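Trainee: prediction below, plus the sequence it came from.
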Amino acid sequence: MDLYGLPPEEFTAARDAAAKTDRALKALRKPSVSAWVINTLVREDPKLLDDLTALGAELLEAQLNGQGQELRALTEQRRQLVATVARHAIGLVDRDLSTTAEREVEATLEAALADPASAEAVRSGQLVRPLSYSGFGAVDLEGAVAPLPRVAKPAKPPAKKAAKKDTSSAEARALEAAGLLDDHVRRAAASARAAEDHERVVAAAAGAEDEATVARDEARDRLAGAEAALKEAHRARVAAEKEHEALVRKASGAARAVATAQDEADAARLALDKLRRG
């Protein structure tokens with residue numbers, strides 16, 4: 001049973017049924033909606049993932065070679081291709097997704113494009129949760145893929161029977177890809193020009209970010225000083241309250257002693273007056 005090809009709402013019942021013959025399956029986690037969308041894409045149209053990873057290799061080469069203009073064009077192409085593949089993947093499941101789930105689908109495809117290990121995890125078709133690439137370092141894949149054998153690729157039909165159909169499909173896809181590439185090239189050129197025009201905006205934003213960082217650090221220093229002063233004031237208040245309580249107790253004892261001495265003095269005067277009269 002292909003558990004990770006099932007919609008999330010059907011997963012638990014199917015897993016529990018399968019666990020009756022293999023108890024180890026009981027520990028498998030239900031995939032998130034976004035992970036299920038990616039798993040569906042792997043099963044239905046894996047060719048699109050190949051397109052993504054191929055573009056990722058081109059981006060890496062452009063970065064290593066310092067090809068700024070080509071890198072900007074490829075970056076725009078990446079953004080558009082990720083958005084196109086994400087829309088296609090969501091269309092395959094034929095249901096409305098939350099904005100969060102849609103963003104997770106795009107983030108997972110971005111990770112697959114940027115990180116070979118993430119691409120391998122996506123190709124497994126057994127994602128449990130979405131992936132996220134921060135722009136540097138490795139992607140966190142801990143617990144992202146179900147510990148099951150990889151999804152078997154569909155068996156290919158006999159070459160003789162499918163040759164004509166495969167050729168027609170290949171030609172159609174090649175034409176579609178060529179048209180898409182032309183669109184991407186035009187958009188990439190326009191985006192590259194826009195990027196050059198916005199270099200000043202980027203520089204200004206970087207300066208504003210630096211100023212904000214300095215202001216934040218200064219605010220943190222002031223906050224730390226205020227917190228230290230607050231703690232010291234709290235300690236002083238607690239000590240003053242304890243000293244006040246001790247003084248109150250001492251004053252109360254003194255008052256009782258005065259009252260006792262007054263009573264004794266009054267008694268002594270009475271006794272003296274009595275002796276004098278006698």
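Mentor: Noted; the coordinates are in hand.

Trainee: just the helices in the chain please.
Mentor: Assigned by DSSP state H, the chain shows helices spanning 8-19, 33-44, 47-65, 68-93, 99-114, 116-123, 159-197, 199-277.

Trainee: mind telling me which of those helices the model trusts least?
Mentor: When these are ranked by mean pLDDT, helix 159-197 comes last with a mean of 46.

Trainee: neighbours around residue 248, how many?
Mentor: Neighbourhood size, residue 248 [other C-beta atoms under 10 Å]: 10. In this view, the C-beta of every residue, glycine as well, is placed from N, C-alpha and C.

Trainee: for residue 86, see how far away residue 80 is.
Mentor: Between residue 80 and residue 86 the distance is 11 Å, computed by C-beta to C-beta, to the nearest Å.

Trainee: so which of these two has more stuff around it?
Mentor: Under the criterion of other C-beta under 10 Å, the comparison of residue 80 against residue 86 puts residue 86 first, with 25 against 16.

Trainee: do I have it right that the more buried one meets residue 102?
Mentor: Yes. Counting by C-beta atoms under 8 Å, residue 86 touches residue 102, with 7.0 Å between them.

Trainee: overlap in contacts, the two.
Mentor: Jointly contacting residue 86 and residue 102 under the rule C-beta atoms under 8 Å, 6 or more residues apart in numbering is no residue at all.

Trainee: I figured residue 107 was touching residue 131, is that so?
Mentor: Yes. If you go by C-beta under 8 Å, residue 107 and residue 131 touch, sitting 6.7 Å apart.

Trainee: quick one: which of the two has more around it?
Mentor: In this view residue 107 and residue 131 are compared by other C-beta under 10 Å, and residue 131 has more residues nearby, 27 against 17.

Trainee: quick check: closest non-adjacent residue to that one.
Mentor: In space, and not counting its chain neighbours, residue 131 is closest to residue 111: 3.9 Å by C-beta to C-beta, 6 or more residues apart in numbering.

Trainee: from residue 49, how far off is that neighbour?
Mentor: Residue 111 sits 12 Å away from residue 49, going by C-beta to C-beta.

Trainee: overlap in contacts, those two.
Mentor: Joint contacts of residue 111 and residue 49 (C-beta under 8 Å, 6+ apart) are residue 122.

Trainee: looking at those two now, which is surrounded by more residues?
Mentor: residue 111 (23 against 20).

Trainee: wait, the more buried one sits on residue 117?
Mentor: No. With contacts counted by C-beta under 8 Å, residue 111 stays clear of residue 117, the gap being 9.2 Å.

Trainee: which neighbours do those two have in common?
Mentor: Taking C-beta under 8 Å, 6+ apart as the contact rule, residue 111 and residue 117 both touch residue 139.

Trainee: how about stretch 234-248: buried residues?
Mentor: By neighbour count on 16 or more other C-beta atoms under 10 Å, the buried set for stretch 234-248 is empty.

Trainee: how far is it from where the chain is centred?
Mentor: Offset of stretch 234-248 from its chain centre (C-alpha atoms, centre = their mean, to the nearest Å): 48 Å.

Trainee: same thing with stretch 45-57?
Mentor: 24 Å.

Trainee: likewise for stretch 247-264?
Mentor: Distance, stretch centre to chain centre, for stretch 247-264: 69 Å (C-alpha atoms, centre = their mean).

Trainee: what is the burial count for residue 82?
Mentor: That count, for residue 82 with other C-beta under 10 Å as the rule, works out to 20.

Trainee: is it in contact with residue 109, as I believe?
Mentor: Yes. Applying C-beta under 8 Å as the test, residue 82 and residue 109 come out as touching, 4.9 Å apart.

Trainee: so what's the residue count around residue 88?
Mentor: Using other C-beta under 10 Å, the number of residues around residue 88 comes to 13.

Trainee: how close does it sit to residue 109?
Mentor: Counting by C-beta to C-beta, the gap from residue 88 to residue 109 is 10 Å.
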